[in-house]
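> Provided below for reference: sequence and predicted model.
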Amino acid sequence: MRNRTIVAIALALAAALLLAGIVAAAPAPGKPALITSAGQSTDGLILRTILTDRATGESVPFEKLATPENLQGVRTLIVAVGLSSKGLGAAGVNQDQERERVANLLDAAKANDVYVILVHIGGTARRGAGSDEFSSMVAEYAHQIFVVKAGNDDGFFNKLAEARGIPVTEVNDRTALGPILTELLAGN
Amino acid sequence: MSIRRTFTLITLIAVALAFSCIGLQISAAEPTMHDVRPGYGVTRIGWLSDYHAPLKATPVDTRVYYLESEVPGPTLFILGGTHSNEIAGIMSATLFVERAVATAGRIIVVPYANPSGASYPDTLHPQIGFYTITTKSGPRTFRYGDRRTNPEHQGPDPDQYIHYPTGVAFDGNEARNLDRAHPGKADGTLTQQLAYAYHRLLIDEEVDVAFDLHEAGVTSRLANMVIANPKNLDYAVIAIVDLELQGIVMNVEHSDDQFPGLSHREWGDHTQAAAYLIETPNPGQTPGITDPDVVNDPVNPLARRVATHLAAIDAVLAAHEMVDGQRTKYTGLPSYDDLIKFGLGEYLR
């Protein structure tokens, strides 16, 4: 009887450890969160404004050139995708440098079990080969995709989500994302 | 005086006149005047040449309207008609002159930024010529002018236009485009001197926030866009989010650091002003539309385009108030919904 009890406890412990391992392997959204851009359009800045509580001033930090160091303590990385040559110029980087930065950041996010959200709010103006390349890159690491309807007429983001087996949410306009992402980051 | 001396004197005078005209490269034409009816908010009227004297009595000199309150506050500058076929900007600035009353700070308005461009019909749609709006005072007629300075006023275009001071090259006809000439050149071509006068105005009047009001083709990426100098981009972002919450969808973009000469880039870089450019969709600038109705287009009527300009200006100023704690305030302008509902003619004097 005593041996059986020891075996049962051992099995229970093993199961608990296994479950803990599974949980650890599946990042969940929550705060602290960080917004960055992939392509340097103004959409990351717009997203920060949408997620700012006007009453309290509380917001989600935005780092347009976020690096792995910025992920310290971060649970959720929100990547606003959209390529802008003017934005690249304003940030002082070219497209190759931006691609390399985003790739390094996503690798670090994966290594640190950070929940990654791809957001596309730029509509048709932020579609095209350059922007789509960044979207595909971010989707490889994303746990969830949010897209404004106008930028998904061809179902591009549904295909990305399907290939990754992750959910995609389509909204009618940018500001509709505010309450949805706020709820998500609150762990609800 | 002998005949020989008289001849010499006449010759000298002729040579002096010729040199003075070559310096400015202008004809002797005076500026064309337009139908702008100042309202109760206008406290004084000046000329652009007050900021750059050589422009006096040239085809680009233009009226400057001042709307001053007695309450301290920021100085706002509104420029319409940089391109004389982009009429929503001209009408928005005209509404400021005719209806707005400043209640905090002051407003400086120029409805016709380049009267030389408004002195001849749009080269893309010369058949339009003028457009008429019915008001309570009767029909009012306005010029549908061209994008560039009248070639008769500036002489032939160079093969290439070299922007001052960057040295960046553009097509030759861009030498007559005010929005490729900023920050201007005091002794340059007529268009460069025009740009220089606005540069001086912004500095001399210590303008805090400046808007250049434009239009683009309805299918252009620029339509319904606020373009901001990078130093004041955050305000524009807040503004377009607020506009979307009001049901007005606009986008926002940085000034291009590789494309000099534009107002939002150069004003923002070379003066203290926060510089913005607003674009609305004008069917008259759309490739493929051969007979546009630039006033009563069913999708993009002029009233809606003007309402968008006014709403965007107010949203940007509200963003400045939110962040900086102050803005230029005014009353008297119609709301977005009222302007669309009752039409532009209801509010023009």
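Sure thing, it's come through.

> packing partners for the helix or strand hosting B:L317?
Per DSSP states H and E: B:L317 is located in helix B:302-324. If contacts are counted by 3 or more CB pairs under 8 Å, 6 or more residues apart in numbering or on different chains; DSSP states H and E, helix B:302-324 sits against helix B:87-99, strand B:209-216, helix B:233-245, strand B:274-281, helix B:336-342. Any C-beta I mention is one placed from the backbone N, CA and C, and that applies to glycine too.

> Mind putting the ones you listed into TSV with mean pLDDT and mean neighbour count?
Formatted as TSV, those follow (pLDDT from 0 to 100; neighbours: other CB atoms under 10 Å in any protein chain shown):
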stretch	mean pLDDT	mean neighbour count
helix B:87-99	98	27
strand B:209-216	98	26
helix B:233-245	96	23
strand B:274-281	98	27
helix B:336-342	98	16
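
> So what's the gap between the helix holding B:L317 and the chain middle?
16 Å (CA atoms, centre = their mean, to the nearest Å).

> Mind listing residues that contact the next helix or strand after it?
As assigned by DSSP H and E, the chain's next helix or strand after helix B:302-324 is strand B:329-331. Taking contacts as CB atoms under 8 Å, 6 or more residues apart in numbering or on different chains, the residues outside strand B:329-331 that touch it are B:41, B:67, B:69, B:71, B:73, B:96, B:100-105, B:107.

> Tell me which of the residues you listed fall in strands.
Mapping the contacts of strand B:329-331 onto strands (DSSP state E) picks out B:67, B:101-104, B:107.

> Could you dump the contacts of strand B:329-331 into TSV with distance to B:R148 added?
Shown next, in TSV, are the contacts of strand B:329-331 (distance: CB to CB, whole Å):
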residue	distance to B:R148
B:G41	32
B:L67	29
B:S69	36
B:V71	40
B:G73	36
B:F96	25
B:A100	29
B:V101	34
B:A102	33
B:T103	37
B:A104	37
B:G105	33
B:I107	28
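
> Show the model's pLDDT score for A:N188.
Note for A:N188: predicted pLDDT of 71.

> Please verify my assumption that B:L262 contacts B:Y276.
No: in this structure, B:L262 is not within contact of B:Y276 by CB atoms under 8 Å, at 11.4 Å.

> show me what contacts B:N251?
Counting by CB under 8 Å, 6+ apart, B:N251 touches A:122-123, A:125, B:224-226, B:240.

> Among the residues you listed, show me the least confident.
A:A125 (84).

> Correct me if wrong: that one contacts B:R221.
Yes: the criterion here is CB under 8 Å, and A:A125 meets it with B:R221 at 5.5 Å.

> Of these two, give the one with the bigger neighbour count.
Ranked by neighbour count (other CB atoms under 10 Å in any protein chain shown), A:A125 and B:R221 place A:A125 first, with 18 against 13.

> Can you tell me the SS state at the more buried one?
helix (DSSP: H, G, I helix; E, B strand; the rest coil).

> I'd like the distance between it and chain B.
From A:A125 across to chain B, the span is 5 Å (CB to the nearest CB, to the nearest Å).

> Walking through the chain, point out its helices one by one.
Here I'm looking at chain A. Ranges of helices in chain A, per DSSP state H, are A:2-25, A:43-50, A:85-91, A:95-111, A:129-139, A:156-164, A:177-185.

> not what I meant, chain B
In chain B, the segments counted as helices under DSSP H are B:3-24, B:87-99, B:151-154, B:190-204, B:233-245, B:263-270, B:302-324, B:336-342.

> Quick check: of the ones in strands among the contacts of strand B:329-331, which lies closest to B:N173?
Among those, B:I107 lies closest to B:N173 (CB to CB), at 33.2 Å.

> Hmm, that closest one is touching B:F96, no?
Yes: contact between B:I107 and B:F96 holds when scored by CB under 8 Å: they sit 6.4 Å apart.

> From B:Y112, how far off is the closest residue to B:R147 other than its chain neighbours?
In space, and not counting its chain neighbours, B:R147 is closest to B:H83: 4.4 Å by CB to CB, 6 or more residues apart in numbering or on different chains. Separation of B:H83 from B:Y112 (CB to CB, to the nearest Å): 11 Å.

> Next one: the residue nearest to B:D208 when sequence neighbours are not counted from B:I107, what distance?
Counting by CB to CB, 6+ apart, B:P74 is the residue found nearest to B:D208 once chain neighbours are left out, at 3.8 Å. Separation of B:P74 from B:I107 (CB to CB): 10 Å.

> is stretch B:224-231 up against chain A anywhere?
Yes: Stretch B:224-231 reaches chain A (CB under 8 Å from any CB of the partner chain) through B:P230.

> What residues of that stretch count as buried?
By neighbour count on 16 or more other CB atoms under 10 Å in any protein chain shown, the buried set for stretch B:224-231 is B:224-230.

> what about it, distance to the chain center?
16 Å.

> now stretch B:176-194
Distance, centroid of stretch B:176-194 to centroid of chain: 14 Å (CA atoms, centre = their mean).

> now swap in stretch A:130-149 and tell me
Distance, centroid of stretch A:130-149 to centroid of chain: 9 Å (CA atoms, centre = their mean).

> can you tell me which of the buried residues of stretch B:224-231 lies nearest to A:N112?
Closest to A:N112 out of these is B:P230 (31.4 Å), distances taken as CB to CB.

> That closest one against A:A90, yeah?
Yes: the criterion here is CB under 8 Å, and B:P230 meets it with A:A90 at 4.9 Å.

> which residues do those two both contact?
By CB under 8 Å, 6+ apart, B:P230 and A:A90 have these common neighbours: B:254-255, B:257.

> picking that back up, how about JSON lines for the helices of chain B, with distance to A:L77 added?
Converted to JSON lines, the helices of chain B look like this (distance: least, CB to CB, whole Å):
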{"stretch": "helix B:3-24", "distance to A:L77": "58"}
{"stretch": "helix B:87-99", "distance to A:L77": "41"}
{"stretch": "helix B:151-154", "distance to A:L77": "54"}
{"stretch": "helix B:190-204", "distance to A:L77": "41"}
{"stretch": "helix B:233-245", "distance to A:L77": "20"}
{"stretch": "helix B:263-270", "distance to A:L77": "32"}
{"stretch": "helix B:302-324", "distance to A:L77": "26"}
{"stretch": "helix B:336-342", "distance to A:L77": "37"}
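
> List the contacts of B:E346.
Contacts of B:E346 by CB under 8 Å, 6+ apart are B:135-136, B:334.

> next one: B:L348
Contacts of B:L348 (CB under 8 Å, 6+ apart): B:37, B:91, B:94-95, B:98, B:133, B:135, B:137, B:140.

> So it versus B:M91, what's the distance?
From B:L348 to B:M91 the distance is 8 Å (CB to CB).

> So for residue 144, what's the pLDDT?
By default, I'm working from chain A. For A:Q144, the model assigns a pLDDT of 98.

> My question was about chain B, not that one.
What the model reports as pLDDT for B:Y144 is 98.

> now swap in B:F19 and tell me
39.

> again with B:E30
84.

> residues near it, how many?
B:E30, neighbours per other CB under 10 Å, totals 12.

> residues contacting it?
Residues in contact with B:E30 (CB under 8 Å, 6+ apart) are B:57-59, B:61.

> returning to what we had before: can you tell me which of the ones in strands among the contacts of strand B:329-331 is nearest chain A?
Comparing these against chain A with CB to the nearest CB picks out B:A104 as the nearest, at 21.7 Å.

> Would you agree that closest one is in contact with B:P72?
Yes: with contact defined as CB under 8 Å, B:A104 reaches B:P72; the gap is 7.5 Å.

> before we move on, the earlier item: so for B:I107 and B:F96, which residues contact both of them?
Between them, B:I107 and B:F96 share these contacting residues under CB under 8 Å, 6+ apart: B:67, B:78, B:330.
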